[in-house]
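Trainee: predicted model, plus sequence, below.
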Amino acid sequence: MQAACSHRIQAAFEQRQDTLLWAVTGAGKTEMLFPGIAWALEAGLRVAVASPRVDVCLELAPRLQAAFNAVDQAVLYGDMKGAYQYCQLTICTTHQLLRFYHAFDVLVVDEVDAFPFASDPGLKYASEQAKKPNGALLYLTATPSDWLQRAARKGELVMTYLPIRYHGHLLPEIKVVRTRDWRAKMHQGRLPDRLVRQMRENFTHRRRFLLFAPHVADLPALKRALELTFPGETVVTVHATDPERHAKVSRMRSRELNFLVTTTILERGVTFPEIDVFVLGAEDQVFSTAALVQIAGRAGRSASDPDGAVRFYANQLTEVIKTAQQQIKFVNRKARRIQHDSVRPM
């Protein structure tokens, strides 16, 4: 499946088509881009890969640099150091596309369901203006918005669908654990009993995890409650405006930390192998269906550990949570059919 999608992406670049790749989290989207990007660079074309989030750009840049080390590469984001210089390959945030007009022969926009791209029509306009009139535009997402699906139905975009991860395993499904007044308890230095039991089990089995909280304002009280409950553990929190954000993510990636407490800033774009995912307060309105699907998609991403646990601790089962569960079950049903067809006797 991944090879077939990769061929279709390259064909879309060659034919200068606008395309939507709807692929589940952990499908290996970046690697599927490589043959098409290689073709474009060898043809002397100018290529950009853009994402709404700085974290995603910083994750992509070294992978693209390693794959195309003979090509000059620029990485552009808001607080970058140094001046921009023309390069054949550009990795940038979607806001940086406002700098460009009819500049790129091939433009890839990753994570188009993410804030701020998903809620800002100006960024969609910027992406259309940044590519050359006869250029190719590829949108990548695991949770396509209504406008993308409408555009595909109208034939304005060619859609390629990939419902299975690169390692062939299904997405871990969401288990909801009901809580009662978790935030009030947290401010008293306590955590839901079932979350505490789950975390103890993870510590016992040396199983690392991400713990998501709804708001930055929740982090100090959550950190205190965790330190009181698990006095021997190092508790590190991270959020979008944290000046040590990148260093903390690196510590988690290098296995220096057993777990990381975070907001939605780590819902996408970063990969930690062999982790579980817990969400405290999953009923909060800050979590959209797309965000919850992306958060769940942090688990099970490595071939060595494709079945990570996903636990949502919530005061109530909201429609948003139920829709996220349904989306994951939907793509897993499609993946099972692919698996069944692939082993069907001739």
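Mentor: All right, it came through fine. Residues are numbered from 1 along each chain as shown.
Trainee: any idea what the nearest residue to residue 283 once chain neighbours are set aside is bridged to?
Mentor: If you skip the residues right next to it in sequence, residue 283 has residue 314 as its closest partner in space, 4.2 Å away by CB to CB, 6 or more residues apart in numbering. The C-beta positions use only the backbone N, C-alpha and C, and glycine is treated the same way. Legend: beta-bridge partners of residue 314 under DSSP bridges are residue 178.
Trainee: buried residues in the helix ranked longest in the chain?
Mentor: Counting residues, the longest helix in the chain under DSSP state H turns out to be helix 319-342. Neighbour counts over helix 319-342 (16 or more other CB atoms under 10 Å) mark 320, 321, 324, 325, 327, 328, 331, 332, 335 as buried.
Trainee: packing partners for that helix?
Mentor: Helix 319-342 sits against helix 289-296, with contacts defined as 3 or more CB pairs under 8 Å, 6 or more residues apart in numbering; DSSP states H and E.
Trainee: just the CA trace of the helix it packs on, in CSV.
Mentor: The C-alpha trace of helix 289-296 is given here as CSV (Å, rounded to 0.1, in the frame of the first residue of the first chain):
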residue,chain,number,x,y,z
THR,A,289,-12.0,15.2,17.2
ALA,A,290,-9.0,15.7,15.0
ALA,A,291,-6.8,16.5,18.0
LEU,A,292,-8.0,13.4,19.9
VAL,A,293,-7.4,11.1,16.8
GLN,A,294,-3.9,12.6,16.5
ILE,A,295,-3.2,12.2,20.2
ALA,A,296,-4.3,8.5,20.0
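Trainee: tell me the angle it makes with helix 319-342.
Mentor: Inter-element angle recorded for helix 289-296 and helix 319-342: 60 degrees (by axes from the mean of the first three to the mean of the last three CA atoms, to 10 degrees).
Trainee: I'd like the distance between the residue nearest the centre of the chain and residue 108.
Mentor: The residue lying closest to the centre of the chain (CA atoms, centre = their mean) is residue 268, at 2.5 Å. In this view, residue 268 and residue 108 are 15 Å apart by CB to CB, to the nearest Å.
Trainee: do the same with residue 187
Mentor: For residue 187, the distance to residue 108 - CB to CB - is 44 Å.
Trainee: next: residue 280.
Mentor: Residue 280 is 34 Å from residue 108, by CB to CB.
Trainee: same question, residue 81
Mentor: Computed as CB to CB, the residue 81 to residue 108 distance reads 25 Å.
Trainee: pull the distance from stretch 237-247 to the chain's centre.
Mentor: Centre-to-centre, stretch 237-247 and its host chain are 17 Å apart (CA atoms, centre = their mean, to the nearest Å).
Trainee: where do the domain boundaries of this protein fall?
Mentor: By the record's domain assignment, the chain is partitioned as 2-162, 175-335 (automatic domain parsing).
Trainee: host element of residue 196?
Mentor: Per DSSP states H and E: residue 196 is located in helix 193-204.
Trainee: strands of the stretch 101-250 of the chain, start to end?
Mentor: Applying DSSP state E, counting those that start in this stretch to the stretch 101-250 of the chain gives strands spanning 104-109, 131-141, 158-162, 175-178, 208-212, 237-238.
Trainee: how about the longest one: buried residues?
Mentor: Residues 131, 132, 135, 136, 137, 138, 139, 140, 141 are the ones in strand 131-141 that count as buried (16+ other CB under 10 Å).
Trainee: do the same with stretch 172-181
Mentor: Under 16+ other CB under 10 Å, the buried positions of stretch 172-181 are 172, 174, 176, 177, 179.
Trainee: now do the helices in the stretch 1-150 of the chain.
Mentor: Using DSSP state H, counting those that start in this stretch, the helices of the stretch 1-150 of the chain run over residues 2-14, 29-42, 54-67, 121-130, 146-153.
Trainee: mind checking which of the ones you listed is nearest residue 199?
Mentor: Of all the helices of the stretch 1-150 of the chain, helix 54-67 sits nearest to residue 199, with 24.8 Å by CB to CB.
Trainee: residues touching residue 308, list them.
Mentor: Contacts for residue 308 (CB atoms under 8 Å, 6 or more residues apart in numbering) come out as 172, 274, 275, 276, 277, 298, 299, 300, 301.
Trainee: wait, the first one sits on residue 307?
Mentor: What that stands for is residue 172. Yes. Using CB atoms under 8 Å, residue 172 is in contact with residue 307, at 6.2 Å.
Trainee: excluding its backbone neighbours, what's nearest residue 311?
Mentor: Nearest-residue entry for residue 311: residue 278, 4.9 Å, with adjacent residues in sequence omitted and distances by CB to CB, 6+ apart.
Trainee: please identify which helix or strand holds the one you found.
Mentor: Here residue 278 is assigned to strand 275-280, by DSSP H and E.
Trainee: remind me which residues of the stretch 101-250 of the chain are low pLDDT?
Mentor: Across the stretch 101-250 of the chain, nothing is flagged by pLDDT under 70.
Trainee: 90 - rerun?
Mentor: Residues of the stretch 101-250 of the chain meeting the criterion pLDDT under 90: 111, 113-116, 118-119, 142-149, 160-161, 163, 166, 168, 246.
Trainee: rewinding a little: okay, the longest helix of the chain in PDB with CA atoms only?
Mentor: What follows is helix 319-342, C-alpha atoms only, in PDB (Å, rounded to 0.1, in the frame of the first residue of the first chain):
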ATOM      1  CA  GLU A 319     -19.800  13.400  21.200                       C
ATOM      2  CA  VAL A 320     -16.300  14.500  20.200                       C
ATOM      3  CA  ILE A 321     -14.700  11.600  22.000                       C
ATOM      4  CA  LYS A 322     -17.200   9.200  20.500                       C
ATOM      5  CA  THR A 323     -16.500  10.500  17.000                       C
ATOM      6  CA  ALA A 324     -12.800  10.100  17.500                       C
ATOM      7  CA  GLN A 325     -13.400   6.500  18.600                       C
ATOM      8  CA  GLN A 326     -15.600   5.900  15.500                       C
ATOM      9  CA  GLN A 327     -13.000   7.400  13.100                       C
ATOM     10  CA  ILE A 328     -10.300   5.100  14.400                       C
ATOM     11  CA  LYS A 329     -12.600   2.100  14.200                       C
ATOM     12  CA  PHE A 330     -13.600   3.100  10.700                       C
ATOM     13  CA  VAL A 331     -10.100   3.100   9.400                       C
ATOM     14  CA  ASN A 332      -9.300  -0.100  11.200                       C
ATOM     15  CA  ARG A 333     -12.200  -1.800   9.500                       C
ATOM     16  CA  LYS A 334     -10.800  -0.700   6.100                       C
ATOM     17  CA  ALA A 335      -7.300  -1.900   7.100                       C
ATOM     18  CA  ARG A 336      -8.700  -5.300   8.100                       C
ATOM     19  CA  ARG A 337     -10.300  -5.600   4.700                       C
ATOM     20  CA  ILE A 338      -6.900  -4.900   3.100                       C
ATOM     21  CA  GLN A 339      -5.200  -7.400   5.300                       C
ATOM     22  CA  HIS A 340      -7.900 -10.000   4.400                       C
ATOM     23  CA  ASP A 341      -7.700  -9.400   0.700                       C
ATOM     24  CA  SER A 342      -3.900  -9.600   0.800                       C
END
